[in-house]
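Student: Sequence and predicted model, in that order:
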There are 6 protein chains.
Amino acid sequence: MTDIRKDGRTPDELRAVTIERGWSEHAEGSALISFGRTKVLCTASFTNGVPRWLNGQGKGWVTAEYAMLPRSTNTRNDREAVRGKIGGRTHEISRLIGRSLRAVVDVKALGENTIVIDCDVLQADGGTRTAAITGAYVALADALEWGREKGFIAKKAVPLIDSVSAVSVGIIDGTPMLDLAYVEDVRAETDMNVVATGRGLFVEVQGTAEGAPFDRRELDSLLDLALAGTADLTRIQLEALGA
Amino acid sequence: MTDIRKDGRTPDELRAVTIERGWSEHAEGSALISFGRTKVLCTASFTNGVPRWLNGQGKGWVTAEYAMLPRSTNTRNDREAVRGKIGGRTHEISRLIGRSLRAVVDVKALGENTIVIDCDVLQADGGTRTAAITGAYVALADALEWGREKGFIAKKAVPLIDSVSAVSVGIIDGTPMLDLAYVEDVRAETDMNVVATGRGLFVEVQGTAEGAPFDRRELDSLLDLALAGTADLTRIQLEALGA
Amino acid sequence: MTDIRKDGRTPDELRAVTIERGWSEHAEGSALISFGRTKVLCTASFTNGVPRWLNGQGKGWVTAEYAMLPRSTNTRNDREAVRGKIGGRTHEISRLIGRSLRAVVDVKALGENTIVIDCDVLQADGGTRTAAITGAYVALADALEWGREKGFIAKKAVPLIDSVSAVSVGIIDGTPMLDLAYVEDVRAETDMNVVATGRGLFVEVQGTAEGAPFDRRELDSLLDLALAGTADLTRIQLEALGA
Amino acid sequence: MTDIRKDGRTPDELRAVTIERGWSEHAEGSALISFGRTKVLCTASFTNGVPRWLNGQGKGWVTAEYAMLPRSTNTRNDREAVRGKIGGRTHEISRLIGRSLRAVVDVKALGENTIVIDCDVLQADGGTRTAAITGAYVALADALEWGREKGFIAKKAVPLIDSVSAVSVGIIDGTPMLDLAYVEDVRAETDMNVVATGRGLFVEVQGTAEGAPFDRRELDSLLDLALAGTADLTRIQLEALGA
Amino acid sequence: MTDIRKDGRTPDELRAVTIERGWSEHAEGSALISFGRTKVLCTASFTNGVPRWLNGQGKGWVTAEYAMLPRSTNTRNDREAVRGKIGGRTHEISRLIGRSLRAVVDVKALGENTIVIDCDVLQADGGTRTAAITGAYVALADALEWGREKGFIAKKAVPLIDSVSAVSVGIIDGTPMLDLAYVEDVRAETDMNVVATGRGLFVEVQGTAEGAPFDRRELDSLLDLALAGTADLTRIQLEALGA
Amino acid sequence: MTDIRKDGRTPDELRAVTIERGWSEHAEGSALISFGRTKVLCTASFTNGVPRWLNGQGKGWVTAEYAMLPRSTNTRNDREAVRGKIGGRTHEISRLIGRSLRAVVDVKALGENTIVIDCDVLQADGGTRTAAITGAYVALADALEWGREKGFIAKKAVPLIDSVSAVSVGIIDGTPMLDLAYVEDVRAETDMNVVATGRGLFVEVQGTAEGAPFDRRELDSLLDLALAGTADLTRIQLEALGA
């Protein structure tokens, strides 16, 4: 049954994923990533030195900020800068991206350097946080390489201990599906975002019953689907990085 | 090896959990819940009517706000009201509590009524969000009963379709453990909060690798432990409600 | 005429006042104080060192913050953190508590240490500011003792030069009354808060005509009543402190 | 001993008080009041109608806002608009001015009209809040007259039931003094602001021990001095109003 | 002397200008415009209806918001949403874009419809505000066409009465130059932004002496250069619109 | 035709301009300037030292802040401090005043000193920003003199390299006019503010088509008119300064 999804995908199929590495001419690392119609611009800003609270500990810092352009969505949302505060969802996703990246960074090897990743959603069609994490990894990798070339990171240091990517999964009409587009996301009974490393280990598992609570068997099948998806994304990241 | 935990608990043992139902003389429902030294005051405020965006749909609304008193923790934190904004963690937990409660509420049966749950942490020793969800359910149940007595909820309506509780689990030195106290939480390699219904279904699963990423087997053992914990909490909630 | 007040008190009678000293396991000093149904949690946080603007002057600093839980009152109030700013009443009471405590502290004897008192109203039934001041003194006294034991305050220093407590008085239907409960407070023509030391000296006198302005004779009778009340409160504080 | 005060005044002497009525060409009532070098511009803005929460009750509303120009003081203070919030002192004084004016207004006679009084300190030399209240009364009286002329207030209605003025008193080196200039204010052991009506009744009494707490006898002498001062101010107000 | 400018342009030469019309799949009109390395995403959001203050006047409203992504520039800038307020420069440019667009819109012909233009700078290299205005016009034109097709704008109405574009000019080392790149902008003694219509009329002229003040002759030569530039931009806009 | 303007002025005539130098007894320089009924209080606050980002460069800093009293206008506007943020127009004008003053200051000659100019509009009738700039120059000149007398500025240093003033011009019913009062400003098709030095050079030219766009010839006649006006204002400034 190939027409189970509006866009013709099978339940376990990712959308077309493309990564335009080095999109920004200013940032030390950057990637414009697309998961179908979802487009996120990820830039990594490298600064020598760390925030005051980390001073003198020989460790670096990686953090992230996520935002959506006001008309990235189907109807316009007010700018958070105009409202004067960051919303709960924005905070939550920014924190998730930061944690996900830090899970694959050895902050000792990074040394006293700071990397800020900005993930700005230019167009949204579901899965913006998972696209952001996946693209952010590419930007991060390039910024680290830049830091090494500039001599801020020691020659032999290995600050990246693994790669990281993320994908959404959900149950729609009882069927577990991979990489939900917006129209699918709103219909899903259960929605889960999984962040995993290139080696197939979990970094984050966030499952939410949107409709009815879910049982253990459903949870297991979603986890299987997600790990298959992040394995694919890992391959696409490596290609983009020419590794 | 009974002394694996500082407070003498076995790995699969909850802290002493107590629920003082009806602590507040003003709120329509309330509970002062303790998970060991963690104490959270949960109040449920019932209002007839709904926010404007829900008007006329015959559905109710349940939402939650979480906060910590400045000296609920070991060192004092600035008040969010003084800083002029809600932090990311606070937002995230407030949203989690709200989603968890809504998962067991039939908003049609609730009718056009609004319940706001406030969870204020008076003393914190790890697991404040899981204590908050567990206590909030008791406050919610009483507020719904109040609404029925006052005639705002139909006699035969069944707004509560299940109960809900939450517990934290984590892996410390390779051992999965239930209901982490603060000193345990900071040492955990993996930290997971699980929200489940009285019937044993998942509402939320939020696992985070604090140190090294975790594999599928570890994830499975944490889920087992969590479901055993929420089953216990369900029993304690029922006792408190005199059901 | 014993039934002049709803709760059966005589005009010159305090509500039942109880002080649970050491309620918080984290704070250096704490007290959960009740004036009838009004309950305020007071914690004192001791920090070695002073704010930058006091540096190097050999003097300490004592300040206070007051807040109400959203459902401490009969109907729920929005959180000030959510509104993004502290209201005028909150500011005013925080400043009053701070001034009242500083009036009995010898900041030279305190040395370069800072004490922040948090007064959080858990349940409100009139007189929250006077209960806060009265409880804050107990928390302060214990925090000072803690500072002495830890060696931050000199052995022979006497940072507390007197005790301090507070009570409300008001004129209702022409009769001056002590320690107004909420239902009395809203009916009072004149409302006065008096802060006085254990020795019977005034620290603050704040009288406001809520209805008609008041004359000198009325003012005098209110002051008499208030001083009798603070004398009682002083005794209760001393008992709580085991002095 | 005539030279007890820097400016040559006797202890019970007001500074030169002048009132420029109608200073603003836009406001419905206005006064530029000087207490010596303290200059406050008071404007009263009359609007037909009341805030939503007062709708349909047949009552009016009077409120006030106080602010200082950044360089009204000896050293420049940051603008509250730039800091993004109103400070505690500003809030407190705004509320005091509003309460003081409402004490002499019959809101039923005012009808469903709103008057906003703005008191902006152009130059500060102590006593800005008392000058503000005294000048605000003149602006208010003219705005009420304007409202009557325009037909918003009934012909026979008497919205002003008394006049109101305010003065500061304090104890310096043991001597009670009237209307403190800034250099006196910072030296005062006790500082009191008294708001009284033209008939000599108290509206507000706010006494604060800046240094040592004060006894009943001192309080009494300050109250005597203040009532003499507000009697003088009442006369000056009446002259300004040509009454 | 071809090498007077770093990028090889002659003083009166625009950078390469490209317009990707319809870049956004959600917005009613959109354009990704590049002035050399400066890239601005302009989206136009069409809403039937007007803000309350315009209700019932038969007129529409056009407004604009400008913002820069944090790493659009050479070094990262904090997000305005994180700082909690919009900076002065951002406000100023947003207002300029809005005024510029309204100058060519007949709000009566637009009818009671609102168009919000968002101009988000993805990459900055000088001239972001002029690129924004030039691209915004294209997005606006498409949104108006969309409104006509949907029937929100009358068939025969002509809401666009002219086209509008903008360009920067400046004096560098005494030579007037067109369309300054960032490295030129920082060196310019005088900097001017000119907004002009397709018919060659001025909408805005904003000249600022960054270094020394400028005389009338210099002003005249800058205006000449600017009008030649906006004539070129008008042609490029028409091509993009396929007109 | 003398009655072309409501107040009887000819098109090229300034309103009555008066400058009360030294109005403030606290500020290092001050001027209360009137352009007809528009009254702006300008104070200059001199501080030895510079903001951190300028430290050690041997240069000073001049900045400005503009604000309107809430009832300076015909109808009351909310305070920006109450709204919690500075509006776009306020920001824009503050920045304009600062740039205008810096254009005539040699920051090297100023040395590491900071001057903050506050321009507070006490009464508004059009042209508040141009009155502010013109008055601010007088306050600035006096503050610089104060700095020299106090020894913060070197004896032979010449921090002021020219004078600066500003005026508005506009086209009303096809006629270019100087110094628009409020009723004229709202009718103007084109509105221009011109800031020029005492030597007749331009510092800022900001022309906006409020109604129809304007052509080159109109622009030229407005510039002529403005330069004649600023020449007059220069003379009035010199008189006020007794130069």
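Tutor: Looks like it arrived, so ask away. What you see is a predicted model, and the numbers here were worked out from it, not measured in a lab.
Student: where do the helices sit along chain A?
Tutor: A:80-83, A:88-102, A:107-110, A:128-149, A:182-185, A:216-240 (DSSP state H).
Student: Near chain F, which residues of chain A? Just list them.
Tutor: Residues of chain A lying close to chain F by CB under 8 Å from any CB of the partner chain are A:Gly84. C-beta here means a position set from N, CA and C on the backbone, and glycine is covered the same way.
Student: before we move on, the earlier item: single out the most deeply packed of the helices of chain A.
Tutor: Mean neighbour counts were taken over these using mean count of other CB atoms under 10 Å in any protein chain shown, and the top value, a mean of 26, falls to helix A:128-149.
Student: Report whether that one contacts chain B.
Tutor: No. For helix A:128-149, no contact with chain B is found by CB under 8 Å from any CB; the gap never falls below 13.2 Å.
Student: can you check stretch A:94-113 too?
Tutor: Yes. Among the residues of stretch A:94-113, A:Ser94, A:Arg95, A:Arg99, A:Ala103 lie within reach of chain B under CB under 8 Å from any CB.
Student: now the second one: how far from chain D?
Tutor: Here the criterion is CB to the nearest CB, to the nearest Å. By it, A:Arg95 lies 25 Å from chain D.
Student: list the contacts for the residue lying closest to that residue once chain neighbours are set aside?
Tutor: Spatial nearest neighbour of A:Arg95, chain neighbours left out: B:Gly88 (5.3 Å); criterion: CB to CB, 6 or more residues apart in numbering or on different chains. The contact partners of B:Gly88, by CB atoms under 8 Å, 6 or more residues apart in numbering or on different chains, come to A:Ile86, A:His91, A:Glu92, A:Ser94, A:Arg95.
Student: again, 10 Å this time
Tutor: By CB atoms under 10 Å, 6 or more residues apart in numbering or on different chains, the contact set of B:Gly88 is A:Ile86, A:Gly88, A:Thr90, A:His91, A:Glu92, A:Ile93, A:Ser94, A:Arg95, A:Gly98.
Student: circling back to that earlier point, which among the residues of stretch A:94-113 next to chain B gets closest to chain D?
Tutor: Ranked by distance to chain D (CB to the nearest CB), the residues of stretch A:94-113 next to chain B are led by A:Ser94 at 22.3 Å.
Student: Select, from the residues of stretch A:94-113 next to chain B, the two members most distant in space.
Tutor: Using CB to CB, the two most remote members of the residues of stretch A:94-113 next to chain B are A:Ser94 and A:Ala103, lying 15.3 Å apart.
Student: OK, now which residue of chain A is nearest to chain C?
Tutor: Closest to chain C within chain A is A:Lys85: 6.7 Å, counting by CB to the nearest CB.
Student: For that residue, which non-adjacent residue is closest in space?
Tutor: That would be B:Lys85: by CB to CB, 6+ apart, it lies 5.4 Å from A:Lys85.
Student: which strands and helices sit next to the worst-scoring helix or strand of chain A on mean pLDDT?
Tutor: Counting by mean pLDDT, DSSP states H and E, chain A has its least confident helix or strand at helix A:80-83, which shows a mean of 85. Contact here means 3 or more CB pairs under 10 Å, 6 or more residues apart in numbering or on different chains; DSSP states H and E; on that basis helix A:80-83 packs against strand A:61-68, strand E:61-68, helix E:80-83, helix E:88-102.
Student: and those as CSV, adding distance to D:Ala212?
Tutor: Below are the helices and strands packed on helix A:80-83 laid out as CSV (distance: least, CB to CB, whole Å):
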stretch, distance to D:Ala212
strand A:61-68, 51
strand E:61-68, 56
helix E:80-83, 45
helix E:88-102, 48
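Student: which one of those has the lowest average pLDDT?
Tutor: The minimum mean pLDDT among those belongs to helix E:80-83 (a mean of 85).
Student: check contacts around A:Arg15.
Tutor: A:Arg15 neighbours (CB under 10 Å, 6+ apart): A:5, A:7, A:9, A:34-38, A:125-127, A:131, A:178-181.
Student: Restricted to strands, list these.
Tutor: A:Ser34, A:Phe35, A:Thr38, A:Leu178 (DSSP state E).
Student: Looking at the residues you listed, which is nearest chain F?
Tutor: Nearest to chain F, judged by CB to the nearest CB, of the ones in strands among the contacts of A:Arg15 is A:Thr38 at 32.8 Å.
Student: Let me know whether the closest one touches A:Cys119 as I believe.
Tutor: No. A:Thr38 sits out of contact with A:Cys119 when judged by CB atoms under 10 Å, with a separation of 11.5 Å.
Student: intersection of neighbour lists for those two?
Tutor: Common contacts of A:Thr38 and A:Cys119 (CB under 10 Å, 6+ apart): A:Thr128, A:Arg129, A:Ala131, A:Ala132.
Student: which residue sits closest to the most centrally placed residue in chain A, ignoring its sequence neighbours?
Tutor: Taking CA atoms, centre = their mean, the centroid of chain A lies closest to A:Ile133, which sits 1.1 Å from it. The shortest distance from A:Ile133 to any residue other than its chain neighbours is 4.0 Å, reached at A:Ala166 (CB to CB, 6+ apart).
Student: beta partners for that neighbour?
Tutor: A:Val195 (DSSP bridges).
Student: can you count the residues close to the closest residue to A:Trp61 other than its chain neighbours?
Tutor: Distances taken as CB to CB, 6+ apart place A:Thr114 nearest to A:Trp61, at 4.7 Å, with adjacent residues excluded. Counted with other CB atoms under 10 Å in any protein chain shown, residues neighbouring A:Thr114 total 17.
Student: and A:Thr114, what does it touch?
Tutor: Counted by CB under 10 Å, 6+ apart, A:Thr114 has contacts A:Ser45, A:Phe46, A:Thr47, A:Asn48, A:Gly49, A:Val50, A:Pro51, A:Leu54, A:Gly60, A:Trp61, A:Val62, A:Thr63.
Student: Same check on A:Leu223?
Tutor: A:Val169, A:Pro176, A:Met192, A:Val194, A:Ala196, A:Phe202, A:Val205, A:Gly207, B:Val205, B:Arg216, B:Leu219, B:Asp220.
Student: likewise A:Asp162?
Tutor: Each residue near A:Asp162 by CB under 10 Å, 6+ apart is listed here: A:103-106, A:137, A:196-201, A:203, A:234, B:212-213.
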